[in-house]
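>>> Give me the fold of what follows.
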Amino acid sequence: FGQIKNSLKLEPTISWMKEAGVKRPAILINKNTWGDFHAKVFSDATKAVGGVVVMNDAIGFGEEAATLPALILKAKKEGADAILWSGSNDGEVILVREMTKLGMNIPIFADEEIMTAVRKGLIPASTPMPIYTWKKDVSPEFVSKYKAVYGVEPNHYSDAAYDMLMLAATTVTKNETEANLKENMQSLKYKGYTGLYQFDENGDRVGGSWDVVKITK
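Residues are numbered from 1 along each chain as shown. So this is what the prediction gives:
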């Protein structure tokens, strides 16, 4: 989606774990490449702070309701001091519900898609346990225009997806061809809603950074 590189999430995660005193996290992810990547970020961050991962479990999409309650109970028994999550909004809702039932007031750190669940009211901002994620600035202008057209809050990736489509269209127009699109995009500097787009030789977006934010009151 033209997002900032995910590899840049490691250092702010380490900083957050040090600040929060997290040393015994439980890692729970959906079973896919996205989840696997974030599990590695969480594992590497835990190692960097001298901690130990007490659980590291992957769950298939659609299996959250049947699987997560038992895993959360196990995390409590294992003495987890944080839940590190990467996965579906359905899974996040179940996490919050089950942790509330068990009186688990430990922090949840989730990938940035959890912002969608909060914006849509699936997870109330008044949730008792603190919830953190990686923050990407969202243009107020884009949000205003999106809501004017669709009547709802944009998804967390809507602005970057829009930018990438417009970047591709601009590239085709400038070069008067759809051929060599990737190579031509790499040579283009484009200012979109999420900032300046430039790409390195691997096709990754250059620059940018992630910050950790608390999204509950």
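>>> ok, so what distance separates the nearest residue to residue 105 once chain neighbours are set aside from residue 87?
In space, and not counting its chain neighbours, residue 105 is closest to residue 129: 5.1 Å by C-beta to C-beta, 6 or more residues apart in numbering. From N, CA and C alone the C-beta is placed, and that goes for glycine too. Distance of residue 129 to residue 87, given as C-beta to C-beta, to the nearest Å: 17 Å.
>>> and the two? which has more neighbours close in?
residue 87 (25 against 17; other C-beta atoms under 10 Å).
>>> so which helix or strand takes in the closest residue to residue 154 other than its chain neighbours?
Of all residues not flanking residue 154 in the chain, residue 146 sits nearest, at 4.3 Å (C-beta to C-beta, 6+ apart). For residue 146, the host element (DSSP states H and E) is helix 140-150.
>>> Could you pull up the residues touching the residue nearest to residue 154?
For residue 146, the contact set (C-beta atoms under 8 Å, 6 or more residues apart in numbering) comprises 153, 154, 158.
>>> Does residue 171 touch residue 188 like I think?
Yes: using C-beta atoms under 8 Å as the test, residue 171 is close enough to residue 188 to be in contact (5.5 Å).
>>> Those two: which has the busier surroundings?
A count of neighbours by other C-beta under 10 Å puts residue 171 above the other of residue 171 and residue 188, at 21 against 15.
>>> Make sure residue 28 is indeed in a helix.
No: applying DSSP: H, G, I helix; E, B strand; the rest coil, one finds residue 28 to be strand, outside a helix.
>>> quick one: it and residue 87 touch, right?
Yes: counting by C-beta under 8 Å, residue 87 is a contact partner of residue 28 at 7.3 Å.
>>> Between those two, which contacts overlap?
With C-beta under 8 Å, 6+ apart as the test, residue 28 and residue 87 both reach residue 59.
>>> ok, for residue 61, nearest residue in space, not its chain neighbours?
Residue 61 sits nearest to residue 30 (C-beta to C-beta, 6+ apart), 5.8 Å away.
>>> OK, contacts around the one you found?
58, 59, 60, 61, 64, 86, 87, 88, 91.
>>> mind listing which of the residues you listed are in strands?
Assigned to strands by DSSP state E, the following of these qualify: 58, 59, 86.
>>> Can you add pLDDT and give these back as a markdown table?
Formatted as a markdown table, those follow (pLDDT from 0 to 100):
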| residue | pLDDT |
| --- | --- |
| 58 | 97 |
| 59 | 96 |
| 86 | 97 |
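>>> ok, of these, which come out buried?
58, 59, 86 (16 or more other C-beta atoms under 10 Å).
>>> For the residues you listed, could you give me CSV that also reports distance to residue 20?
Conversion of these to CSV gives the following (distance: C-beta to C-beta, whole Å):
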residue, distance to residue 20
58, 24
59, 24
86, 18
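>>> pLDDT at the residue lying farthest from the centre of the chain, what is it?
Distance to the chain centre peaks in the chain at residue 176, reaching 36.1 Å (criterion: C-alpha atoms, centre = their mean). Residue 176 carries a pLDDT value of 89.
>>> how long is stretch 145-158 end to end?
12 Å (C-alpha to C-alpha, to the nearest Å).
>>> and it, average pLDDT?
88.
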